[in-house]
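*Asks:* This is a predicted model, with the sequence first.
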Amino acid sequence: MGGQGKTTCARKLYNTDYIVSHFDVQAWCIISQTYHRREILQDIFSQVTGSKDNGDKDDILADKLRKSLMGRRYLIVLDNMWDCMVWDDLCLCFPDDENKSRIVVTTQLEKVGEHVKRYTDLYFLPFLTPDDSCKLLQKRVFAKEDCPLSYDNLPDFLRPCLLYMGLFPEDARIPVSKLISLWIAEGFVQNIESAEGYLMDLISSNVVMVSRRRYNGKVKDCEVHDVVLHFCLEKSREEKFMRAVKGHYSQLQPFEWKESRVSVSFSNELSKFVSPGAKTREPFHQHLRSLIMTNGSIIGTHVFKVGLLKVLDLSSHRMPHFSSATLKPLIHLKYLAVFTNEFYCHPESHLPHLETLLLRGLSKFTVLPSSFWKMEKLRHVEIGKAEFENNKQQIFEESSKLENLRIVRGVEIPFDQADSADVLLCRCPNLQELDIMFKGDKSIVDTSWVDSLDICLKLESLTELQILRVSFQWSILLSGLQLPSNIKKLVLRGTSLFSFNIESTISVIARLPNLEYLQLRVDPYSCYKSNEWCLRHITFHKLKVLKLVKLCVSTWDASEESFPLLETLVIKDSKQPKEIPLSFADIPTLKQIKLLGATTNLSRLQLGELRKKLKRLKDVIV
């Protein structure tokens, strides 16, 4: 049965220091009742290799996963398996090299356990004795409070936050940033700080579980146990708070949905009672406020006629093209997520209350017109490929500052449109996270090159900026790099990241007083190689995570004083360096070293020396 603690026991074992050090690689995968083989393969593959797949077919991806596990001692946990078919689909991906690799499966169904078992008998988790149950209740519930936390005595502001979790599929990893944006759009909370506080209340009460954390310990993804999910769905039906709809699109009747919040998950299977050609033509009810598609395509264009809609999430299915003009009637829309090849942003502003705009899957550039700057309530903008309208005079005349905008991701700035970046930095003074790319080619050697250099210098004006990702094609942009002092996370990606003066560049970065996370990523087509990377006289005072991707540095010279607070070192897809300085063994805070990618040339001898000297490490993963 659910809720006995199967997952909790498996998780505790999975994270034990001895287990972590015993296996070369680990992966934890949640198997929901709505099973999608490709998603499972992608999840395990990314954990094993540290890379995302390239859109390969399922069988090719499965073979790549099998090859990546060959010769490595692995621990794979398949949590909450509901169907025997899942094991049949996955078992061939796990090679048996007789090296004591292990696969752990948790399930509520005995028949699944019997089907999966191979070398060991099933383990049935026993119920707690009455005495143990009382002790657990006392410890978990009454230790600090006079009464247990239940739905009935939850504060009024927390109830809708909890019930809203029922809009997501079973065992779904819910990004905290998305959840908070939805809560704010619905009006449950007024700001990010309050939303984070409410979420932590639910987590500390063991109602919501943490799936993944960020490098600094903050919650990145969360989820709810299927028992809690079913409770949310049942309570939502009682209170007419929301409806979760499943089935084939031809069976759905939107006009019958009386709830103001609806999540829809389409099935590819037709009911035997429904003809294949049947389609619903009924419109949505006008009191609909939130519509979230968790699987499948949109029901029809009549969804865009529900004038009071606040949340519209269509990101589960790729559409060939989408225009913001379609959304003209939705003047109250606050949250919009779309997965489309091409997005046309209409010059007229139709969405005055929009706070979150997520455009994913774009294969063509979206040109943002000057009217974009009139959407003054924007908080979060994520666009895969975006350029600003190339009309400097018009932009400055019609624009107002987006004081509320905190997150911008995916903007690309051509060298010959440098004014666009200037506008971005001037019009968004309170940015906390920025992901930007400078692009061009070798033929650009005129004043636009200098203008692009000036843009980098103006990043210093973003005094609230904490997370910065910069991609560029010419490392000369780094020669005059000046960055805001509040930056905590910095990711630099480029063709020839250190072509000019590596020590100078690193010195600039090291002077950031609050930097905790640094990732340096070199384009795989870079022909630049450095013989030596000397950091012995450079100190990163607060750096906790250092990630080096495709870095072409043959010799790496550093002392323990260079990284006094380093906790995690990651080297990925790098033919160089050939060794890690053994001085890292003297860093008292170091907990984890990850070596990802088959191209690393680090010798097994040095890995053995590292493991011997770093016995206190939680991980040395290859």
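*Replies:* Perfect, I can see it now.

*Asks:* lowest average confidence, helix or strand, in the protein?
*Replies:* helix 447-457 (a mean of 46; mean pLDDT, DSSP states H and E).

*Asks:* Show me what the residue nearest the centre of the chain bridges to in the sheet.
*Replies:* Closest residue to the average C-alpha location of the chain: residue 175 at 6.4 Å, with CA atoms, centre = their mean. Beta bridges link residue 175 to residue 221, judged by DSSP bridges.

*Asks:* Verify the contact between it and residue 219 for me.
*Replies:* No - checked against CB atoms under 8 Å, the pair residue 175 and residue 219 is beyond contact range at 9.8 Å. Placement of C-beta: from N, CA and C, glycine included.

*Asks:* picking up where we left off before, paired strands for the following helix or strand past the least confident helix or strand of the chain, with orientation please.
*Replies:* Next helix or strand after helix 447-457 toward the C-terminus (DSSP states H and E): strand 467-472. Its sheet considered, strand 467-472 pairs with strand 433-439 (parallel), strand 489-494 (parallel) by DSSP bridges.

*Asks:* which residues sit in contact with the nearest residue to residue 404 once chain neighbours are set aside?
*Replies:* Leaving out its chain neighbours, the residue that sits closest to residue 404 by CB to CB, 6 or more residues apart in numbering is residue 379, at 5.4 Å. Shown in contact with residue 379 (CB atoms under 8 Å, 6 or more residues apart in numbering): 181, 184, 355-356, 404-407.

*Asks:* Check for me that residue 193 belongs to a helix.
*Replies:* Yes - per DSSP: H, G, I helix; E, B strand; the rest coil, residue 193 lies within a helix segment.

*Asks:* Just give the number of residues close to it.
*Replies:* By other CB atoms under 10 Å, 10 other residues sit near residue 193.

*Asks:* any idea how far it lies from residue 317?
*Replies:* From residue 193 across to residue 317, the span is 34 Å (CB to CB, to the nearest Å).

*Asks:* got the residue ranges for the helices in the stretch 301-450 of the chain?
*Replies:* Counting by DSSP state H, counting those that start in this stretch, the stretch 301-450 of the chain has helices at residues 392-398, 418-427, 447-457.

*Asks:* chain center to the second one: distance?
*Replies:* Here the centre of mass of C-alpha atoms in helix 418-427, compared against the chain's by CA atoms, centre = their mean, to the nearest Å, lies 27 Å away.

*Asks:* for it, packing partners?
*Replies:* Judged by 3 or more CB pairs under 8 Å, 6 or more residues apart in numbering; DSSP states H and E, helix 418-427 is in contact with strand 380-388, helix 392-398, strand 407-414, strand 433-439, helix 447-457.

*Asks:* Those: lowest mean pLDDT?
*Replies:* For the helices and strands packed on helix 418-427, the weakest mean pLDDT is recorded on helix 447-457, namely a mean of 46.

*Asks:* From residue 360, how far off is the residue nearest to residue 404?
*Replies:* 17 Å.

*Asks:* Residue 68 now?
*Replies:* For residue 68, the distance to residue 360 - CB to CB - is 27 Å.

*Asks:* The two: which is more packed in?
*Replies:* Applying other CB under 10 Å to residue 68 and residue 360 shows that residue 68 carries more neighbours, namely 19 against 15.

*Asks:* What are the contacting residues of whichever strand or helix holds that one?
*Replies:* According to DSSP H and E, residue 68 maps onto helix 58-69. Residues outside helix 58-69 that contact it (CB under 8 Å, 6+ apart): 25, 37-38, 41-42, 44-45, 48-49, 53, 56, 90, 92-95, 101, 598.

*Asks:* and the helix or strand that it is followed by, how far from the chain's centre?
*Replies:* Sequence-wise, the next helix or strand downstream of helix 58-69 (DSSP H and E) is strand 74-81. When C-alpha coordinates are averaged (CA atoms, centre = their mean), strand 74-81 and its chain have centres 21 Å apart.

*Asks:* Distance from whichever helix or strand comes after strand 74-81 to the middle of the chain?
*Replies:* Next along the chain after strand 74-81, taking DSSP H and E as the criterion, comes helix 84-90. Relative to its chain's centre, helix 84-90 lies at 27 Å (CA atoms, centre = their mean).

*Asks:* what mean pLDDT does helix 84-90 have?
*Replies:* pLDDT averaged over helix 84-90 gives 87.

*Asks:* How about stretch 471-487?
*Replies:* pLDDT averaged over stretch 471-487 gives 69.

*Asks:* What is the burial count for residue 228?
*Replies:* Residue 228, neighbours per other CB under 10 Å, totals 20.

*Asks:* for residue 286, what are its contacts?
*Replies:* Residues near residue 286 by CB under 8 Å, 6+ apart: 306-308.

*Asks:* go with 10 Å
*Replies:* By CB atoms under 10 Å, 6 or more residues apart in numbering, the residues touching residue 286 are 255, 305-309.

*Asks:* Among those, the buried ones, what's the ChimeraX command?
*Replies:* Buried residues within the contacts of residue 286, by 16 or more other CB atoms under 10 Å, are selected in ChimeraX with:
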select :306,309
